[in-house]
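Novice: what follows is a predicted protein model with its sequence.
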Amino acid sequence: MKAMEILHTPVLVNEVLEKLNLKKGDTVVDCTVGEGGHSVEILKVIGPSGFLYGIDQDSEALKIAHKRLKNVGDNFFLVNDNFLNIKAIQKKYNIPAVNGILADLGISSLQLYYNRRGFSFIKNGPLDMRMSFHTELTAADVVNSFPENELADIIFKFGEEKLSRHIAKAIVDYRRRKKKIETTEELANIVANVYHRKRGKIHPATRTFQALRIFVNNEMGSLEMFLKDAPDILEQDARIAVISYHSLEDRVVKKAFREDKRLNRINKKVIRPLEEELLSNRRSRSAKLRVAERI
Ligand SMILES: C[S@@+](CC[C@H](N)C(=O)[O-])C[C@H]1O[C@@H](n2cnc3c(N)ncnc32)[C@H](O)[C@@H]1O
C-alpha cells in the first residue's frame, strides 16, 4: 500500500474548526501538520486570502501533507522542525501574530503503519520510535544501554505502568542472555511474558511502548516548552487548540491553560469526540481537546 492510501483520519475536525473560530483571510499555524488532515480543512476555511504555516518534525509526513495541501491552494508553507521552536520559527520566517494555533499531539497513523519506524508492537520492525530523523537516540539505544532503575523509572513515569520494575528487570535479564534487543517484536514479547496470563483489555506492551516513545522524542519537554511560548505568537482574541491522547499530556495542557495569565480558557471541561466519531475512528477514543484564547 502506498503512503497516500493509508492517510491518518483527523480527529475532532469539526470541533477544532468551530472552536478556533477562524475566518477568511486568517493566518494559522498547524504545529503538527502530519499528513495534513486538519491543515487541509483549515486551508479551506481561511480561503485563498489566508495563510497556513505547517510544522512537523517528521519530514516524511510533510511530503504527503504538501501534496494534499497543493490540491486546495498554494497559500501555505511547511517547516520541518520541532514545535518547541515555535518562537524561533516565527522569527526565522517572519510570521506575523497569528489568528489560530493547532497542536494535535502524539504519533500519526503513517508513523505507526511503517514497520521500519519501529513504533508498533503489533508489526515487527527495528526498535526505533524516532519521529524526527534528526533525533539520535533510538528506543533500541534506551533498552540496550540504560541501567535497570532508569528503565523502570521511564516506563513508570511515561507509561504509568504498574509492572515497570518487573519489565525493566526482564529487559536487563534478556540483555544479559541475548546481548541486544533489536526488534519491536522482541520487546513486545519480553513485556508480554512479564504479564503472563494477567492480560487486560489492551496489549500488555502498550504502556511500555508509549513510555519509550515519549522518552525518545522528549514529548513532555517539547510540549511544556511549546505551551510556554505559543501564546506569545497569538494575536489578541486568537485561539490555541490542543488535542491530547493520554492523561500525562492532558494534565500538562490543562495546567498550562489554567495558570497562564495571557490566556482565557474557552472550555473548562474537556471536549471529547461524539459517539459517531468514536465508532468510526478508533484513534479518537482517547482524544481530548482543550482551547484557550489570548487576552
Ligand atoms: C496525530 S499526528 C497529526 C495528524 C494531523 N493532524 C493530521 O490530521 O494529519 C501528530 C504529528 O505531530 C508530529 N509531532 C509530534 N510531536 C511533535 C513536535 N514536538 N514537533 C513537531 N511535530 C511533532 C508527529 O510527527 C506527527 O506527524
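Specialist: That came through fine.

Novice: how about the stretch 151-295 of the chain: which residue is closest to the ligand?
Specialist: Going by Cβ to the nearest ligand atom, the ligand is nearest to S222 of the stretch 151-295 of the chain, at 3.8 Å. C-beta here means a position set from N, CA and C on the backbone, and glycine is covered the same way.

Novice: quick one, phi/psi of that residue?
Specialist: According to degrees, to the nearest 10, the main-chain angles of S222 amount to phi -60, psi -40.

Novice: contact residues of the stretch 151-295 of the chain facing the ligand?
Specialist: Within the stretch 151-295 of the chain, the positions near the ligand by Cβ under 6 Å from any ligand atom are S222.

Novice: ranges for the helices of the stretch 151-295 of the chain?
Specialist: Here the stretch 151-295 of the chain has its helices, by DSSP state H, counting those that start in this stretch, at 164-178, 184-195, 206-216, 219-229, 247-259, 275-280.

Novice: circling back: and the residue of the stretch 151-295 of the chain closest to the ligand, how many neighbours?
Specialist: Residues lying near S222 (other Cβ atoms under 10 Å) number 19.

Novice: give me the residue at the spatial middle of this protein.
Specialist: G106 (1.7 Å; Cα atoms, centre = their mean).

Novice: these two touch, right, F209 and G118?
Specialist: No - under the criterion of Cβ atoms under 8 Å, F209 is not in contact with G118, lying 9.6 Å apart.

Novice: shared neighbours, the two?
Specialist: Residues touching both F209 and G118 (Cβ atoms under 8 Å, 6 or more residues apart in numbering): 129, 184.

Novice: okay, these two: which has more neighbours?
Specialist: Between F209 and G118, counting by other Cβ under 10 Å, G118 is the more crowded of the two (27 against 24).

Novice: just give the number of residues close to the spatially closest residue to that one that is not a sequence neighbour.
Specialist: Using Cβ to Cβ, 6 or more residues apart in numbering and skipping the chain neighbours, the partner closest in space to G118 is D128 (3.2 Å). Counted with other Cβ under 10 Å, the neighbours of D128 add up to 19.

Novice: check R239 too.
Specialist: Number of residues near R239 (other Cβ under 10 Å) recorded here: 22.

Novice: go on, the one 5 residues further on?
Specialist: Neighbourhood size, S244 [other Cβ under 10 Å]: 23.

Novice: that one is in contact with R272, isn't it?
Specialist: No - judged on Cβ under 8 Å, S244 makes no contact with R272 at a distance of 11.4 Å.

Novice: which neighbours do those two share?
Specialist: Shared contacts of S244 and R272, defined by Cβ under 8 Å, 6+ apart, are found at 287-288.

Novice: many thanks, have a good one.
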